[in-house]
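Chemist: 3D model of this:
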Amino acid sequence: MSGAKVIQVLRDMDAILIPVGTPVLIPQGSTVHVTQDLGGSVTVSVGGNLARVAHKDLDALGLAESNDGDDLQLLRESSEGGTVDESAVWAVLKSCYDPEIPVNIVDLGLIYDVLVVDADDGSNVVEITMTLTAPGCGMGPFIVDDVRQKVMSVPLVDEVCVELVFDPAWDRSMMSDEAKLQLGMF
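Modeler: You can find the predicted model right below:
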């Protein structure tokens, strides 16, 4: 873990143990090592465990909040009637990360399909079919929630439905060449 940023926690903060997804409290004064800072959350090593720290708790690490959420909110507010731009959906999906892997979920090959549906009531629904790198991944609910929240920030999206599937099962061949290169698998 050489090169990891070492930080002393400024206040008690909530986190989620990786990969099991169990909530934990990291007490003020604890020393953590930042292992990943991508997509608005931070992965830290603490007491020999990895934990995901949500965007709302970045101040406990003395880290400035990124503008990701603010920019997406401004984008949403500036939109006017019409249809959802599917490329904007894909763009925000590229800001979602598995907290253990420093590659976005699109390049990992976890997104199988994105469909924009004009509902009968005039609302715009985005249906996403995705998987996880492993069916028993305890971080799955957090990744799915991240997908929902970020896609809801896309202009004109009224609802997001995420279907988590495991057929076909994910494997490394689904990763983009860029992801394989980044992870040293090429």
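Chemist: what residue lies at the spatial centre of this structure?
Modeler: Taking C-alpha atoms, centre = their mean, the centroid of the chain lies closest to Cys96, which sits 3.0 Å from it.
Chemist: and it, what's its pLDDT?
Modeler: What the model reports as pLDDT for Cys96 is 96.
Chemist: now do the contacts for it.
Modeler: Counting by C-beta atoms under 8 Å, 6 or more residues apart in numbering, Cys96 touches 39, 104-106, 143, 146-147, 150. In this view, the C-beta of every residue, glycine as well, is placed from N, C-alpha and C.
Chemist: can you tell me which of those are in helices?
Modeler: 105-106, 143, 146-147, 150 (DSSP state H).
Chemist: just give me the closest of those to His55.
Modeler: Taking C-beta to C-beta as the measure, His55 sits nearest to Asp146 out of the ones in helices among the contacts of Cys96, at 9.6 Å.
Chemist: mind listing what that closest one touches?
Modeler: Counting by C-beta under 8 Å, 6+ apart, the residues that Asp146 touches are 39-41, 96.
Chemist: next SSE downstream of the lowest-mean-pLDDT helix or strand in the chain?
Modeler: Using mean pLDDT, DSSP states H and E, helix 68-77 stands out as the lowest-scoring helix or strand of the chain, at a mean of 43. Next in sequence after helix 68-77, counting helices and strands by DSSP states H and E, comes helix 86-93.
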